[in-house]
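In: Here's my sequence, what's the structure:
(one chain, ligands or ions: 1)
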Amino acid sequence: MGFRVTDLSCARSGRAVLRGVGFAIPEGRARLLRGPNGAGKTTLLRVLAGLLAPSAGEAELDGARLAAEPERYGENLAYCGHLDSLKPQLTVGENLRFWAALFGGGPLGPAVAAFDLEPLLDRPVHACSAGQKRRAGLARLLLAPRRLWLLDEPTVSLDTAAVARLAAAIRAHCAGGGMALVATHLPLDLGPAGEGPGAGPVELAPVEAAELATGADGDPFLTGSWA
Ligand SMILES: Nc1ncnc2c1ncn2[C@@H]1O[C@H](COP(=O)(O)OP(=O)(O)OP(=O)(O)O)[C@@H](O)[C@H]1O
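Out: Predicted structure coming up:
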């Protein structure tokens, strides 16, 4: 059980972005994903979410392997990318009910409380602020229980109180045995979930130009995956 990434590499438009990335997340732990702009955090999260093909390496979640068993692997994770993926014409409540029905999740109450959405339930998403939309998008994490949360810059647009709510949700997820990988440039208080063996930050450094992928005939655009 747990999450393990082994020797993962990925190229985008022929350029090596990830090279030999490896780390593990034990059950009940969360790790921050750190690195400067362009280091490959979004690329890594998209590969781990099954949205981008790696050029080498493997990820394994509770014994299910990304390459060999993508459906069983994918059933156990939730991915929140840069976009909130909300229907703008529907209210916040309608969006949440839609997601709960789609994923067979439980009642809305805990998700609404965790991200303070009660006052927004009847408001159309197109009339919400950026931070309000972000909170509604994150609340979906609590509507469909998944073992691993992959979060890409989830704190963007959130005020201090909302960042604390997000951190509390991650801590509670991990206290129940869940795991999380969170790309963020901001500090995030993960509490006990971010402490102990296998819980420190995963640091990504930009792949050096000398490591650029090249095709068999030296053309860099003959290798790698296209986004
Ligand atoms: N669609 C794409 N096609 C080709 N190359 C891409 C694409 N998206 C990103 N890249 C390249 O991949 C590298 C890593 O980008 P990525 O978005 O993964 O970095 P990041 O660490 O998430 O950066 P940031 O902190 O700015 O969000 C960059 O050099 C970028 O130019």
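In: residues in this structure within reach of the ligand, list them.
Out: Along the chain, the residues adjacent to the ligand under the rule Cβ under 6 Å from any ligand atom are 12-13, 17, 35, 37-43, 227. (C-beta placed from N, C-alpha, C; glycine too.)
In: low-confidence ranges in this protein?
Out: Flagging of the chain using pLDDT under 70 yields the residue ranges 105, 209-227.
In: Dump the residues of the chain next to the ligand to JSON lines, plus neighbour count.
Out: Below are the residues of the chain next to the ligand laid out as JSON lines (neighbours: other Cβ atoms under 10 Å):
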{"residue": "Arg12", "neighbour count": "18"}
{"residue": "Ser13", "neighbour count": "13"}
{"residue": "Val17", "neighbour count": "26"}
{"residue": "Gly35", "neighbour count": "17"}
{"residue": "Asn37", "neighbour count": "7"}
{"residue": "Gly38", "neighbour count": "12"}
{"residue": "Ala39", "neighbour count": "19"}
{"residue": "Gly40", "neighbour count": "24"}
{"residue": "Lys41", "neighbour count": "23"}
{"residue": "Thr42", "neighbour count": "18"}
{"residue": "Thr43", "neighbour count": "21"}
{"residue": "Ala227", "neighbour count": "10"}
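In: want to throw those residues into JSON lines with distance to Glu118 and secondary structure?
Out: Below are those laid out as JSON lines (distance: Cβ to Cβ, whole Å; DSSP: H, G, I helix; E, B strand; the rest coil):
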{"residue": "Arg12", "distance to Glu118": "41", "secondary structure": "strand"}
{"residue": "Ser13", "distance to Glu118": "45", "secondary structure": "coil"}
{"residue": "Val17", "distance to Glu118": "41", "secondary structure": "strand"}
{"residue": "Gly35", "distance to Glu118": "37", "secondary structure": "coil"}
{"residue": "Asn37", "distance to Glu118": "36", "secondary structure": "coil"}
{"residue": "Gly38", "distance to Glu118": "39", "secondary structure": "coil"}
{"residue": "Ala39", "distance to Glu118": "38", "secondary structure": "coil"}
{"residue": "Gly40", "distance to Glu118": "38", "secondary structure": "coil"}
{"residue": "Lys41", "distance to Glu118": "33", "secondary structure": "helix"}
{"residue": "Thr42", "distance to Glu118": "32", "secondary structure": "helix"}
{"residue": "Thr43", "distance to Glu118": "37", "secondary structure": "helix"}
{"residue": "Ala227", "distance to Glu118": "38", "secondary structure": "coil"}
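In: Determine which two of those are furthest apart.
Out: Farthest pair in these (Cβ to Cβ) is Ser13 and Gly35. Separation: 19.3 Å.
In: tell me which element the residue nearest the centre of the chain is part of?
Out: Ranked by distance to the mean C-alpha position of the chain (Cα atoms, centre = their mean), the top residue is Leu150 at 2.0 Å. Under the assignment given by DSSP states H and E, the secondary-structure element containing Leu150 is strand 148-152.
In: List the contacts of that strand.
Out: Residues from elsewhere that reach strand 148-152 (Cβ atoms under 8 Å, 6 or more residues apart in numbering): 3, 25, 41-42, 45, 48-49, 61, 76-82, 141, 170, 173, 178-184.
In: Please flag which of these sit within helices.
Out: 41-42, 45, 48, 170, 173 (DSSP state H).
In: which one of these is nearest Ala205?
Out: Comparing the ones in helices among the contacts of strand 148-152 against Ala205 with Cβ to Cβ picks out Lys41 as the nearest, at 11.2 Å.
In: Tell me who's in contact with the closest one.
Out: So, once contact is read as Cβ under 8 Å, 6+ apart, Lys41 ends up touching 33-35, 152, 183, 204.
In: Alright, that wraps it up for me.
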